[in-house]
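Engineer: Build me a structure from this.
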Amino acid sequence: MKLLAFLKVVRAPPTLSKITGPLQCRLFQPDFVPRDPKAKPKRYKYPAFYDPYGPKPPPSDKIIQLAERIAALPPEELKQIGPTLRDKLRHPKMEPISTEGMDLGPQAGAAGGSAKSEEKKAEKTAFDVKLEKFDAAAKIKVIKEVRAFTNLGLKEAKDLVEKAPVLLKQGVTKEEANDIIEKLKTAGGVAVME
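Structural biologist: Next comes the predicted model:
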């Protein structure tokens with residue numbers, strides 16, 4: 001008996017009265033009219049350029065006269081307009097963005113190869129310290145010095161020293177690099193600054 005009642009509920013077709021609320025399909029809404037399949041789709045005209053702020057009013061006569069006066073200035077005075085306006089309007093100064101270290105592709109390398117290399121040599125502030133060699137008798141002293149200026153353990157410092165020539169420290173100032181080189185020299189090693 002229960003099985004028959006269940007089958008009647010499952011097989012019963014949905015009626016329009018049962019489909020209401022948010023589940024109601026557009027086809028069953030009373031005001032829905034299907035589109036004529038033979039009708040052409042509507043063509044919308046897009047503006048030539050997108051202006052998110054909409055149409056602007058034309059500039060006033062005072063602004064037009066000011067623009068004409070600015071355009072008539074000599075080139076020396078035209079260069080002074082930007083900084084003067086920035087100071088008067090209290091706009092922040094735009095700082096140039098450094099592209100050093102960025103890969104800008106082949107166009108950047110071909111433009112100023114030798115000039116950039118000369119600038120980098122002239123303004124180098126970070127140096128690397130490289131251990132070239134050391135005396136076998138002074139190996140323990142060199143390992144102690146390496147541990148002093150690097151935060152390595154005994155085994156790591158020993159392995160690093162045994163790999164000589166090897167970079168010991170990167171990106172240090174010139175004074176710090178000279179200090180490290182002197183300490184290694186007194187311990188019995190030969191280090192260079194790159």
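
Engineer: Which parts of the protein are strands?
Structural biologist: Per DSSP state E, the chain has strands spanning 127-134, 166-172, 189-193. These are given in chain order.

Engineer: Dump these to a markdown table, plus distance to Glu68 and mean neighbour count.
Structural biologist: (Glycine included, C-beta is placed from N, CA and C.) Below are the strands of the chain laid out as a markdown table (distance: least, CB to CB, whole Å; neighbours: other CB atoms under 10 Å):
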| stretch | distance to Glu68 | mean neighbour count |
| --- | --- | --- |
| strand 127-134 | 57 | 18 |
| strand 166-172 | 55 | 15 |
| strand 189-193 | 61 | 18 |
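
Engineer: Out of those strands, flag the one nearest Phe149.
Structural biologist: The closest of those to Phe149 is strand 166-172. By CB to CB, the value is 6.5 Å.

Engineer: between that closest one and strand 189-193, how many degrees?
Structural biologist: Computed by axes from the mean of the first three to the mean of the last three CA atoms, to 10 degrees, the angle separating strand 166-172 from strand 189-193 equals 40 degrees.

Engineer: Just the CA trace of strand 166-172, in PDB.
Structural biologist: This file holds the C-alpha atoms of strand 166-172, laid out as PDB (Å, rounded to 0.1, in the frame of the first residue of the first chain):
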ATOM      1  CA  VAL A 166      84.500  29.800  -2.200                       C
ATOM      2  CA  LEU A 167      82.300  32.800  -1.500                       C
ATOM      3  CA  LEU A 168      82.200  33.300   2.300                       C
ATOM      4  CA  LYS A 169      79.900  36.400   2.600                       C
ATOM      5  CA  GLN A 170      77.800  38.400   0.100                       C
ATOM      6  CA  GLY A 171      76.500  41.900   0.100                       C
ATOM      7  CA  VAL A 172      78.700  43.500   2.800                       C
END
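
Engineer: what lines up beside it in the sheet?
Structural biologist: The strands beside strand 166-172 in its sheet (DSSP bridges) come out as strand 127-134 (antiparallel).

Engineer: what mean pLDDT does stretch 64-84 have?
Structural biologist: Stretch 64-84 carries an average pLDDT of 92.

Engineer: got it, and stretch 94-103?
Structural biologist: 75.

Engineer: Mind listing what's buried along it?
Structural biologist: For stretch 94-103, burial by neighbour count (16 or more other CB atoms under 10 Å) applies to no residue.

Engineer: so what pLDDT did the residue lying closest to Leu184 once chain neighbours are set aside get?
Structural biologist: Distances taken as CB to CB, 6 or more residues apart in numbering place Ala191 nearest to Leu184, at 4.4 Å, with adjacent residues excluded. The confidence metric pLDDT takes the value 87 at Ala191.
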